[in-house]
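K.L.:
Turn this into a structure:
(2 chains)
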Amino acid sequence: MTEPLAPQFDPQTIEAPLYQWWTERELYRVSADAPGERYVIQMPPPNVTAVLHAGHGLTYTIQDVLTRFERMRGAKALWLPGTDHAGIATQNVVEKLLAKNGQTRFDLGRDAFVEQVWQFVRETGSTILDQLKALGASCDWSRTYFTLDPALSRAVREVFVRLHEKGLIYRGKYIINWCPRCLTALSNEEVEKEERDGSLWHFKYPIEDGSGFITIATTRPETILGDVAIAVHPTDERYRALIGRNVRVPILDRLIPIVADDVVDATFGTGAVKVTPAHDATDFEIGRRHNLAAIDIMTDDAKISDAAPERFRGLDRFVARKRVVAEFDQLGLLDKIEKHRNAVGRCYRCDTVVEPKLSDQWFVKMAPLAAPALQAYRDGRLTFIPEHQGDNYATWMENIRDWCISRQLWWGHRIPVWYCNQDQAGETRGEKRQTGGCGNIMVSRDTPTQCDKCGGALRQDDDVLDTWFSSWLVTFSSLGWPDKTPDLAAFYPGTTMVTAPEILFFWVARMIMAGIEFMGEIPFSTIYLHGTVRDTQHRKMSKSLGNGIDPVEVINRYGADALRYTVVSGMSVGTDLILDPADLDTSFASGRHFANKLWNIGRFLLGHLESGAAPLASIDPSTLTLADRWILSRAHETIVTATQHNERFRLNEAAGAVYHFLWSDLADWYLEQVKPRLYGTQPGGDTARAVAAHVFDIALRLLHPVMPFVTETLWQRLPNHAPDASISLAAWPVSTEAPTNAGAITDFESVQAIITAVRVLRAEYGVAPGLSVNVTVGDASKLAQRAIDAEGETIRRLAKIESLSLGVSSGPGATKVLDDGTKITVPLGELVDMDKECARLGAEATKLDGLVVAQENKLANEQFVSRAPPAVIEKEREKLVSWRTQAESLREQRRSLGCAD
RNA sequence: GGGCGAAUAACUCAGCCGGUUAGAGUGCCUGCCUUACACGCAGGAUGUCGGGGGUUCGAGUCCCUCUUCGCCCA
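P.N.:
Next up, the predicted model:
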């Protein structure tokens, strides 16, 4: 793996072979008995049919960074991958394929259809995993699971049976969210609410005795066909006298009562509402309280059913809505139509308007599971990042509702319930199910062959379980549960959960409940909810909007490292990541540029290390130059910063610190300083090589979690480690600041200040880059003198100085005053425009005078001096001294130039 | 309707426990093909820190309020 570096950085040629090398050597495979403290991240399993999108790119990069960081710190780090069978999504994909041939799943039949889905999954299921590999994901692939694997399916059944035994699973008729296109129930979380402009229709219902009308308001007129009552608030004076009387539903000629119920909002509409128990959750509750019938007026595909008068039957719900309105209008009973904004629920998979529908479904009673999960948060055992997400979690837990877990799909874990009856497959959903046989219902871990009561034939429930009913178990089902495996002991509970906030309730909250219920322990202690990838209009990236970014394309163009760095550095805790899908070049510029820079730093440095480098420890400290001591100090500062930020999930700050160290400190300053020693035009080459190799090694390690490919490529070519070692298993750097380096930072900063001052003056007066200048340093502070003593040669070279002398300059020159009052003067002779120079110095002096006055007032303020901490006061005093000195120095320079006041 | 978040340079964003002459990347301007890198080097310009009020010796940072935008829940 150590061919010479190509002159041009080409991520394509290094990344794929490197990943293969990591995989072949099984570097990220973790066994239960591996040494180290456990660190476990469960990968949120992508849908098995998914292809990588920008959101995946973000979340999986973060997870990989954290895993690689902890692995280098010596942890037994496991990032556990898998894929999700994704019931509705996958079934929809295959149904669409069938539709191309004019077929539906019903044409194939259940078994053939499911087999077809399996075949599809086998063909395409590894796509996203391959894409993850291109991203550089260091997961333990040997553990990859699929939620429909036999082992995980066994866990699903075990959980269903256990919950049933505890009385936490029940079957019941409730209003559920029904998708008339997918023909299945949806959980509350699977329904997306969307505010839209709609109408609020006011209809008049005649009172039975002909004494008048009562007017109701509704947003869904078609449901009038299922009306069984009118409800008003019991304290509503307007309607009090009418309670208990009957009204006639005009277009149905149905007589219904007026009832009083607390849930009616007297301020909404007319204060009187129609009650349709079969098509509205609130109405259902009212119906129960008042013993009202529930008339289901819709078929599964949202057409009007036989329960309605013949002229409505078979109409689409929205056609029926118009028809109902028209009929009221004809009868003169349409009071008015108001504009009304209301939230309509839509299927999160196909965007069809969801129909609240009365149906037989399986539910999990959630309150008993939620209580300990809420307690875990209250006790501080769960940490949310950002912190405020915890409140979201708590609110949801406090108001938890039962979970509808049955889905009328074919792709998924079939519900482990068997009915002893004569009814054959076909008309088996909910209310149409007839009970024959002995009526026994069996809930079983195994697949029973006959009724355990009468020995009769059994029929399994047709429905499958909600996809999340398997994914809420993965923190332990992926480790062998319900068996007590060594893996389970070694890797449960995990450590960190990293995911998008939108699946906090879908998945994260439920995993916590499942973990407590079945393992007796929360499954992870930290939940990092990162932001969302959005376009420049802050819209979520989505297929339908066509505003997505394809990470694979980005990787092909700029490399995974560039993608990863851009994503990590652009994302801080609690904020979204905005990228421009129309301009990938610009969006990924920072990562692209940095990867290239790093490559070239490596090319340069490694080119000078071919004959090896001595370990730093073997170098005589007295041979270290100021620059050496400075870069070593900076390296140690960077270690501390990067480590702390990574620990606090501030990955952007950590990456930024290393970026600055590599680019600004190492490349712009240290490598420039060290060149003569490397070239051999100055002595001290061994020391220079040792220091350079040492700090570069540190920087590569610090950067490795974010940019695994470039860092590995360069690191392997560094001397002083085993030839077949991988940086991904190298130790995370530890800061051990050498005492000899004390003060190196301030001293070298003075070197930088002197060089910069000369460069500024050169630029200001347009001195040709090739031309050397003379420089005099006046009023040199001790600091400046030390800097010149230590790095005079560097100053001369980097600022292109012919002669550098201490003392007062003679003749006209251009001057810069440093923070400590040191005057840097370039005598430029006739090049200097005296008026301009006087004005420039004057402007700077004036600006400083302002600062000085403000600072004097501050320090004269009794309140400040008595109340501010001593350290702050000391700092402010130093500032005042510095500003005064500078101002004085500038004025002095003006006098010497003979500037007019 | 309830809850939460955001508003800082032209753009995308940092700024952590209140004390910096308010930073980075990109873009822009000037000059450089200095044999690691033009995906580069050197220098530069640009800010009522959304408005108003308050707390404090001191506010981009804390509190209140208004405006605008976004998210979640009903």
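K.L.:
how near is the residue nearest the centre of chain A to A:A457?
P.N.:
Centroid-nearest residue in chain A, with CA atoms, centre = their mean: A:H530, separated by 3.1 Å. Using CB to CB, to the nearest Å, one gets 52 Å for the distance from A:H530 to A:A457. Quick note: C-beta positions are derived from backbone N, CA and C, even for glycine.
K.L.:
any idea of the pLDDT on A:V852?
P.N.:
Turning to A:V852, the model gives it a pLDDT of 87.
K.L.:
Next, it: secondary structure please.
P.N.:
helix (DSSP: H, G, I helix; E, B strand; the rest coil).
K.L.:
if I pick it, what's in contact with it?
P.N.:
Taking CB atoms under 8 Å, 6 or more residues apart in numbering, we find A:V852 in contact with A:880, A:883-884, A:887.
K.L.:
and if you look at A:L828?
P.N.:
Here A:L828 is in contact with A:765, A:767, A:773, A:812-814 (CB under 8 Å, 6+ apart).
K.L.:
Then A:L783?
P.N.:
By CB under 8 Å, 6+ apart, the neighbours of A:L783 are A:746-747, A:750, A:820, A:822.
K.L.:
again, but for A:V826
P.N.:
A:758, A:761-762, A:765, A:767, A:773-775, A:813-815.
K.L.:
same check, this time on A:W396
P.N.:
A:504-505, A:509.
K.L.:
top of those residues by neighbour count?
P.N.:
A:A509 (25 neighbours; other CB atoms under 10 Å).
K.L.:
for that residue, helix, strand, or coil?
P.N.:
Going by three-state DSSP: A:A509 is helix.
K.L.:
right, and it touches A:A373 too?
P.N.:
Yes: between A:A509 and A:A373 there is a contact at 6.8 Å, judged by CB atoms under 8 Å.
K.L.:
got any residues that touch both of these two?
P.N.:
Between them, A:A509 and A:A373 share the contacting residues A:M397, judged by CB under 8 Å, 6+ apart.
K.L.:
for A:Q893, what are its contacts?
P.N.:
A:815, A:817, A:823, A:825, A:841.
K.L.:
Going by distance to A:A489, which of these wins?
P.N.:
A:V817 (67.6 Å; CB to CB).
K.L.:
and that closest one, how many neighbours does it have?
P.N.:
A:V817: 26 neighbours (other CB under 10 Å).
K.L.:
Please report the distance of it from A:V826.
P.N.:
A:V817 is 13 Å from A:V826, by CB to CB.
K.L.:
May I see the contacts of A:V852 arranged in TSV, with secondary structure and pLDDT as well?
P.N.:
As requested, these are arranged in TSV below (DSSP: H, G, I helix; E, B strand; the rest coil; pLDDT from 0 to 100):
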residue	secondary structure	pLDDT
A:L880	helix	89
A:W883	helix	89
A:R884	helix	90
A:A887	helix	89
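K.L.:
among these, which are in reach of RNA strand B?
P.N.:
Within the set of the contacts of A:V852, contact with RNA strand B (CB under 7 Å from any atom of the strand) is found for A:W883.
K.L.:
Check the secondary structure at whichever residue of the stretch 601-750 of chain A sits closest to RNA strand B for me.
P.N.:
Proximity of the stretch 601-750 of chain A to RNA strand B (CB to the nearest atom of the strand) peaks at A:F604, 3.2 Å away. Secondary structure state of A:F604, per three-state DSSP, is helix.
K.L.:
re the thing from before, now for A:V817 and A:V826: what residues contact both?
P.N.:
Counting by CB under 8 Å, 6+ apart, nothing touches both A:V817 and A:V826.
K.L.:
By proximity to RNA strand B, which residue of the stretch 751-900 of chain A wins?
P.N.:
Closest point on the stretch 751-900 of chain A to RNA strand B, by CB to the nearest atom of the strand, is A:Q863, at 2.9 Å.
K.L.:
Would you verify that that residue is located in a helix?
P.N.:
Yes: per three-state DSSP, A:Q863 lies within a helix segment.
K.L.:
Quick one: neighbours of it, just the number.
P.N.:
Count around A:Q863 with other CB under 10 Å applied: 7.
K.L.:
A:H538 too?
P.N.:
9.
K.L.:
For it, which residues are in contact?
P.N.:
A:576, A:578.
K.L.:
A:D227 too?
P.N.:
A:249, A:252, A:254, A:256, A:274-276.
K.L.:
Now do the end-to-end distance for stretch A:700-716.
P.N.:
With CA to CA, to the nearest Å applied, stretch A:700-716 spans 10 Å between its terminal residues.
K.L.:
Tell me if it is near RNA strand B.
P.N.:
No: interface with RNA strand B: stretch A:700-716 contributes nothing (CB under 7 Å from any atom of the strand), its closest point being 11.2 Å away.
K.L.:
Can you tell me, leaving aside adjacent residues, what's nearest to A:I258?
P.N.:
A:I230 (4.6 Å; CB to CB, 6 or more residues apart in numbering).
K.L.:
meant to ask about A:A134, not that
P.N.:
A:A134 sits nearest to A:I555 (CB to CB, 6+ apart), 5.3 Å away.
K.L.:
Could you list the low-pLDDT ranges of the stretch 151-300 of chain A?
P.N.:
A:188-189, A:195 (pLDDT under 70).
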